[in-house]
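K.L.:
the following block contains a protein sequence and its predicted model.
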Amino acid sequence: MAMPPPLMALDPAALPEGTVVGAWKVVAFRARGTYGTVYRAAKVEDVHAAPVALKLALHPRDERFAREAELLSRLHHPAVPRLLGQGRWKHPAGETYPYLVMDWVEGIDLYAWGREHNPSSRQVLQVLAQVARALEQTHGVEAVHRDVKGDNVLVRPEGNQAVLTDFGAGHHEGAETLTWAVLPPGTLAYRSPEAWAFGCRFAHHPSAHYASQPADDVFALGVSAYRLVTGAYPPPTHPRDPEGHVWHPEGRGPRPPDELNPHVEPRLNALILRMLSVRAEERGSAGELAQLLEKAAADGDSLADAPLCAGSRREQGWRPSSKKAEALRAVRPPEPSQTESTLLTLARYLGVALLAGALTWMMTRNPPLPRPAHEDAITIAHASFTGEERDGGTSGLADTALPSLVFQPGPPSGWEVISLPMPEDPFQNQRRAPHCQAPLEVTLRNGCWIALRDVKPPCGKYGYEWKGGCYLPSYSPQRQPTSGKPRPP
């Protein structure tokens, strides 16, 4: 039985069950975000009361939490989690970490809902309308979400009720600006073309800062809807991307969703394209879109009730093209480091038992104490903005359960990543089905993975989480070049 970590080693990113935070007791880990970790919690004095979502900051005295609390306190909508309380948790080492307490939402993210339930166009219209209504109220209190994406939309099992979550990157009128970069926080694949255009124009301006607009949230909802019904992102919106020309002022925009999936109902197809309009003013407000989505859901004919995927997506053959796959890889978590690949290579020669034992020890040892953030935040922000990969593959942290790269211009995290979500497709050099070799490897999402049988989530900085288990991607041994200048580690 694993010994609990000493009090001084408690990590806000991985609090053990039973840890008391204010009037609440941690029951289970839920997810890790860019700025905080979400736990399922219960009242200390009444453990049988309804569970709550406890969001604890990863950084001491993080001012984002006060801003998020203020924003949530202004919102009262069934598609937005209700703020129940806030406070500061004092770490035994002396630092204080802000936390928020919100309604617990039992559900799965929008993309998982699409994969598992194979919804109809009518059901998608209904869910998107609920998210648009949540955005309508957010914009009505002079606020913006700034990180709308399918991973931040939870769909409850009863009645396909949608809830827009994670307002941590949000901003409201009068709030202090906490980031100094040209572009605000957000996820790269969902950023609007006008935001990227501003960023490119003022990249070197010392005081320029893009002010996110409601149209940015609407565009991000369009990206989420596009991916939900097609299984692929629209072309990247960065002007320097080879496919980015479709987003230029006179560009034609993305291919219609029904060209990638013929089961998309015409009105749903048209509304997704409207949300993805190249010109922001042509997208309409969130309220206007909600009304149109609701009307389309109510008036649709029998075609609107046909499943978006008659069989499995693999059987239908409408998977992302190679170019789309490149776009997906651009917003996925960083690939394992050379050290991790070396460990996996050793598994083939030393045996999986020895490797699994070593990795189990690495992942279950006491969580690390905070380490100094020695990387320059300006360099990280520039690398994220330009799309260039730094030496060693340094990237932003993944958000929530999200296989997407997050643009994080704030201070680098001082904590180790405790778990990574399973990517939807294999990594570039990862071994693939049908070449997985049992019993060493298992096949997940067309890739070969090594199951860590004795490790349970959170999976540590080396592990990927999948349905309650921890896995490592499997790579074939690579030949080292015999000439040329080696790449620095």
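P.N.:
Good, I have the coordinates.
K.L.:
domain ranges for the protein?
P.N.:
Residue ranges for the domains of the chain, per automatic domain parsing: 7-103, 108-319, 338-369+376-473.
K.L.:
let's have those domains in a markdown table, adding mean neighbour count and mean pLDDT.
P.N.:
(C-beta placed from N, C-alpha, C; glycine too.) Formatted as a markdown table, the domains of the chain follow (neighbours: other C-beta atoms under 10 Å; pLDDT from 0 to 100):
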| stretch | mean neighbour count | mean pLDDT |
| --- | --- | --- |
| domain 7-103 | 18 | 91 |
| domain 108-319 | 19 | 91 |
| domain 338-369+376-473 | 17 | 55 |
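K.L.:
pull the longest helix from this structure.
P.N.:
helix 121-140 (DSSP state H).
K.L.:
which strands and helices sit next to that one?
P.N.:
helix 110-117, strand 153-155, strand 162-164, helix 214-230, helix 266-275, helix 286-299 (3 or more C-beta pairs under 8 Å, 6 or more residues apart in numbering; DSSP states H and E).
K.L.:
the first one to helix 121-140, inter-axis angle?
P.N.:
With axes from the mean of the first three to the mean of the last three C-alpha atoms, to 10 degrees as the basis, helix 110-117 and helix 121-140 are set at 160 degrees to each other.
K.L.:
repeat that for the fifth one.
P.N.:
Computed by the same axes, to 10 degrees, the angle separating helix 266-275 from helix 121-140 equals 30 degrees.
K.L.:
tilt between helix 266-275 and helix 286-299?
P.N.:
170 degrees.
K.L.:
for the longest one, same thing?
P.N.:
Between helix 214-230 and helix 286-299, the angle formed by their directions is 30 degrees, by the same axes, to 10 degrees.
K.L.:
how far does helix 214-230 sit from its chain's centre?
P.N.:
Offset of helix 214-230 from its chain centre (C-alpha atoms, centre = their mean, to the nearest Å): 14 Å.
K.L.:
so which other helices or strands are in contact with the next helix-or-strand element following it?
P.N.:
The helix or strand immediately downstream of helix 214-230 is helix 257-260, counting by DSSP states H and E. For helix 257-260, the elements it packs on are helix 214-230, helix 266-275, judged by 3+ C-beta pairs under 8 Å, 6+ apart.
K.L.:
Q126: which of those is closest?
P.N.:
Evaluated over the helices and strands packed on helix 257-260, closeness to Q126 peaks at helix 266-275, with 10.6 Å, by C-beta to C-beta.
K.L.:
can I get the closest one in CSV, CA atoms only?
P.N.:
The C-alpha coordinates for helix 266-275 follow below in CSV (Å, rounded to 0.1, in the frame of the first residue of the first chain):
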residue,chain,number,x,y,z
PRO,A,266,-28.2,21.5,-44.6
ARG,A,267,-29.3,24.0,-42.0
LEU,A,268,-26.7,22.8,-39.5
ASN,A,269,-24.1,22.9,-42.3
ALA,A,270,-25.0,26.6,-43.1
LEU,A,271,-25.0,27.7,-39.4
ILE,A,272,-21.5,26.2,-38.8
LEU,A,273,-20.2,28.0,-41.9
ARG,A,274,-21.8,31.2,-40.6
MET,A,275,-20.0,30.9,-37.3
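K.L.:
cool, thanks, signing off.
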